[in-house]
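Novice: Pasting the sequence and the predicted coordinates here, then a few questions.
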Amino acid sequence: MSQKDNIYKLEIENAKVDDIDNYTCSVEDDVREIPVFIKPLVKMPGNINTVENEKLKIHCSVYGDPVPEIFWTYSNDTSNFTSIESINDTNSIITLEMDDKKIENSILLIHNVQMWHRGEYSCFGKPPYNHKLVNATVMVRVKGMYADNDYFKKPNKINEFIWFLCALSFAFESLEIQKSSNFFVLNILHYLSLYNTTYRLFLS
């Protein structure tokens, strides 16, 4: 304990969880209790990519003693820090559950993700004694359920794919014409070799 002028300061070096308690400061007939708690810490995963109609799980890890209360908000291009309960609907049920440490509301589940669920999800930890809120935010990106194949998004890939099909079709057409020939296998390989670059691009 230290003193400067009329100020007395109690310092605990290398404080541990066991040091959390109510401390009493008394001066003559004036007695005050000073509660001590661990400043809370909130952690979230990195950005999350998910697919429409899938199930989304976001875990908010909260540390502190006593454990802070948890609540969630949602933000997008049109709204900021909207209560998570306000975006719930019958098509995509949102629930809040406890994690393995039995911390209430630490897991957010969206059971049927929709495109409009993309945005920022913030988890807030509310410490005791009206201490300042702490929070962490994660960005959720939602992709359409039929947009998993990025192949046709690449430049000129559609044209290359069509050329490959044409080459393959022409080779088999030639096979029908020359099926009695001993060179039909060489004929197929010949036409495929003309488009080997396209074929490799198709497989890439």
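Specialist: Here it is on my side, so go on.

Novice: what's the longest strand in the protein?
Specialist: For the chain, the strand that runs over the most residues, judged by DSSP state E, is strand 134-143.

Novice: For N88, grab phi and psi.
Specialist: phi -80, psi 140 (degrees, to the nearest 10).

Novice: mind checking how far it is from I38?
Specialist: 32 Å (Cβ to Cβ, to the nearest Å). In short, each C-beta sits where N, CA and C put it, glycine included.

Novice: Which strands and helices lie in contact with the longest strand of the chain?
Specialist: strand 38-43, strand 48-51, strand 56-59, strand 119-126 (3 or more Cβ pairs under 8 Å, 6 or more residues apart in numbering; DSSP states H and E).

Novice: Looking at N88 and I38 now, which is surrounded by more residues?
Specialist: The residue with the greater number of neighbours, taking N88 and I38 and applying other Cβ atoms under 10 Å, is I38; the counts read 17 against 13.

Novice: what are the bridge partners for that one, then?
Specialist: The bridge-partner assignment for I38, based on DSSP bridges, gives D65.

Novice: my guess is it contacts G64, does it?
Specialist: Yes: with contact defined as Cβ atoms under 8 Å, I38 and G64 form a contacting pair (5.0 Å).

Novice: quick one on the thing from earlier: which of the helices and strands packed on strand 134-143 sits most buried?
Specialist: Compared across the helices and strands packed on strand 134-143, strand 119-126 shows the largest average neighbour count, a mean of 20 (mean count of other Cβ atoms under 10 Å).

Novice: report the angle between the axes of it and strand 134-143?
Specialist: With axes from the mean of the first three to the mean of the last three Cα atoms, to 10 degrees applied, the angle from strand 119-126 to strand 134-143 works out at 160 degrees.

Novice: Would you enumerate the residues in contact with M139?
Specialist: 47-48, 119-120 (Cβ atoms under 8 Å, 6 or more residues apart in numbering).

Novice: Specify which member of those residues is nearest to D77.
Specialist: The shortest distance between D77 and any of these, using Cβ to Cβ, involves G119 and amounts to 7.8 Å.

Novice: Tell me the predicted confidence for that closest one.
Specialist: pLDDT recorded at G119 is 91.

Novice: who's H59 bridged to?
Specialist: Going by DSSP bridges, H59 forms beta bridges with I107.

Novice: circling back: and the helices and strands packed on strand 134-143 as a markdown table, adding distance to Y23?
Specialist: Output for the helices and strands packed on strand 134-143, formatted as a markdown table (distance: least, Cβ to Cβ, whole Å):
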| stretch | distance to Y23 |
| --- | --- |
| strand 38-43 | 14 |
| strand 48-51 | 42 |
| strand 56-59 | 34 |
| strand 119-126 | 23 |
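
Novice: Sketch out the low-pLDDT regions of the protein for me.
Specialist: By pLDDT under 70, the weakly predicted segments of the chain are 1-8, 15-17, 19-21, 31, 33-35, 90, 147-204.

Novice: what do you get if the cut-off is 50, keeping everything else the same?
Specialist: Segments of the chain classed as low confidence (criterion: pLDDT under 50) are 151-152, 177, 180, 182, 184, 195, 197-204.

Novice: Relative to the helix or strand hosting T24, what are the paired strands and their orientations?
Specialist: Following DSSP states H and E, one finds T24 within strand 22-27. Taking DSSP bridges as the criterion, strand 22-27 pairs within the sheet with strand 30-35 (antiparallel).
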